[in-house]
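>>> no sequence on this one, just coordinates:
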């Protein structure tokens, strides 16, 4: 029988890093660095391309074209991070060439990363890392990305396509019978239904597998008693990711599954239906932790079969407004004068910080969980509140530091409120939150 392992697993959300964050170490930053470096495993979502702006900017980015100098990886390594998820809606902001340049920089530093690759098989595969008393596996995927950014499989006669590990989502809008009849009438009056049937006849489209579903303007509608938005993972993607999760379970002491998902439930702070299905299925398949990120703010956490699911850990580093260069398509998208500098473009986009991210405190607060494992058993979770400097000048905010006092309690109480619907109870003591027995460790 193998020796029983233990591990402290630290998790963060999105690292949109474009400047150094470890060089200006005030005490609150240093305490956070000490926490990260003291963990056996430290995870972050790398939501920037460390490609030195190599490649060609694509038209449809994930919001802001997020590229940076490759030395941001060195800064994250200095911070203490050891596991990097790379599947997100910015993975191909600079096309395939930009993605391959980022992979080259990651591999040159022997960084353990997952979620992207030269083909689908490599993008889906787990990455492994040895730590103090065991081996960890990381699987990373994304549900939010533009069409064509997902990796494609190899064939005997052709190579696959570089890209990210996709978890595609099937969305169905449930409407009343009267509303559905109105949609049908509109589709027929505009000739859209006739065009849809012609595409099926030509072999370029297929009828829905559910005969009750009516396709309209590239969306799916189904009759129901009351309107609702229903989402489910695409079965092929789900099965493939779960197969790798089961494989990782056979090869590692700890299995971490990461998902980048912007999709929401009734509010931005509530996870979409498919995300809960996916996370619980990953635990069933052998994952020890599921860590979500994407909406740039906190969502609640759940304990499912004794294993933690974090539906979103928000931002950990938020320096996207300090990106050095923006392509012409960004100027066009934000309706910005081409003569503007990048700083002026961002001020134009957020109306001099009266809206968007700079105007909402939730995007500048997060928690950093540390999950304590003994073998595969979760003993408890510490939740450290982190502030990113809401209200500070753009060149100062975005760098994480441990929160204390009133702000620490504010962050922890909000996270406790978000987690309560999942049955999770969080104790708050001395500027830290606890789940399970962490406070007694």
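Great, that's in hand. Treat the numbers as computed from the prediction; the structure is a model and nothing was measured.

>>> return the residues in contact with residue 162.
Residues near residue 162 by CB atoms under 8 Å, 6 or more residues apart in numbering: 96, 99, 100, 103, 116, 117, 118, 119, 151. Where C-beta positions appear, they are placed from N, C-alpha and C, glycine not excepted.

>>> pretty sure the third one sits in a strand.
No. When classified by DSSP: H, G, I helix; E, B strand; the rest coil, residue 100 is found to be helix rather than part of a strand.

>>> so how far is residue 59 from residue 12?
According to CB to CB, to the nearest Å, residue 12 and residue 59 sit 30 Å apart.

>>> the two: which is more packed in?
Neighbours were counted for residue 12 and for residue 59 using other CB atoms under 10 Å; residue 12 has more, 27 against 11.

>>> tell me the pLDDT at the residue of the chain most remote from its centre?
Distance from the C-alpha centroid of the chain peaks at residue 189, with 41.0 Å (CA atoms, centre = their mean). The per-residue pLDDT reported for residue 189 equals 97.

>>> just to revisit the earlier point, so which of the contacts of residue 162 are in helices?
Taking DSSP state H as the definition of helices, the contacts of residue 162 contribute 96, 99, 100, 103.

>>> from those residues, pick the one nearest residue 147.
residue 96 (14.3 Å; CB to CB).

>>> so who does that closest one touch?
By CB under 8 Å, 6+ apart, the contact set of residue 96 is 55, 161, 162, 163.

>>> contacting residues for the closest residue in space to the last one that isn't next to it in sequence?
Nearest residue to residue 163, sequence neighbours excluded (CB to CB, 6 or more residues apart in numbering): residue 151, at 3.5 Å. Applying CB under 8 Å, 6+ apart, one finds that residue 151 lies in contact with 116-120, 122-124, 160-166.

>>> still on that earlier bit, make CSV out of the contacts of residue 162 and add distance to residue 40.
Listed next are the contacts of residue 162 as CSV, based on distance: CB to CB, whole Å:
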residue, distance to residue 40
96, 35
99, 30
100, 31
103, 26
116, 25
117, 26
118, 30
119, 31
151, 30
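
>>> which of the residues you listed lies closest to residue 72?
Each of the contacts of residue 162 was scored against residue 72 by CB to CB, and residue 103 proved nearest at 14.9 Å.

>>> separation between that closest one and residue 151?
The gap separating residue 103 from residue 151 is 12 Å, by CB to CB.

>>> what's around residue 360, how many residues?
Going by other CB under 10 Å, the residues that sit close to residue 360 add up to 12.

>>> which helix or which strand is home to residue 345?
For residue 345, the host element (DSSP states H and E) is helix 342-349.

>>> quick check: next helix or strand after that helix?
By DSSP H and E, the next helix or strand past helix 342-349 is strand 365-374.

>>> bridging residues for residue 42?
Beta-bridge partners for residue 42, by DSSP bridges, are residue 10.

>>> what's the burial count for it?
Number of residues near residue 42 (other CB under 10 Å) recorded here: 24.

>>> what of residue 336?
Residue 336 has 19 neighbouring residues, counting by other CB under 10 Å.

>>> how about it, what does it touch?
Applying CB under 8 Å, 6+ apart, we find residue 336 in contact with 330, 344, 345, 348, 349.

>>> can you pull up the bridge partners for the most centrally placed residue in the chain?
Centroid check for the chain by CA atoms, centre = their mean gives residue 260 as the closest residue, at 2.3 Å. Beta-bridge partners of residue 260, counted by DSSP bridges, are residue 142, residue 293.

>>> for it, give me its contacts.
For residue 260, the contact set (CB under 8 Å, 6+ apart) comprises 45, 47, 85, 87-89, 140-144, 292-294.

>>> mind redoing it with 6 Å?
Neighbouring residues of residue 260 by CB atoms under 6 Å, 6 or more residues apart in numbering: 87, 88, 142, 293, 294.

>>> just the element for residue 178, please.
Assigned by DSSP H and E, residue 178 belongs to helix 177-189.

>>> now for the residue nearest to residue 127 when sequence neighbours are not counted, how many residues are close by?
Spatially, and ignoring its direct neighbours in sequence, residue 127 is nearest to residue 114 (4.1 Å; CB to CB, 6+ apart). Residues near residue 114, counting by other CB under 10 Å, number 27.

>>> ok so, going back, now, which of the contacts of residue 260 sits nearest residue 32?
Among those, and counting by CB to CB, the member closest to residue 32 is residue 293, at 17.7 Å.

>>> could you measure from the closest one over to residue 276?
From residue 293 to residue 276 the distance is 15 Å (CB to CB).

>>> more crowded one of these two?
Between residue 293 and residue 276, counting by other CB under 10 Å, residue 293 is the more crowded of the two (31 against 18).

>>> surely that one meets residue 12?
No. Residue 293 is not in contact with residue 12 according to CB atoms under 6 Å; the separation is 8.3 Å.

>>> please name the nearest non-neighbouring residue to residue 171.
residue 231 is the one closest to residue 171 (CB to CB, 6+ apart), at 5.1 Å.

>>> residue 89 too?
Of all residues not flanking residue 89 in the chain, residue 62 sits nearest, at 3.2 Å (CB to CB, 6+ apart).
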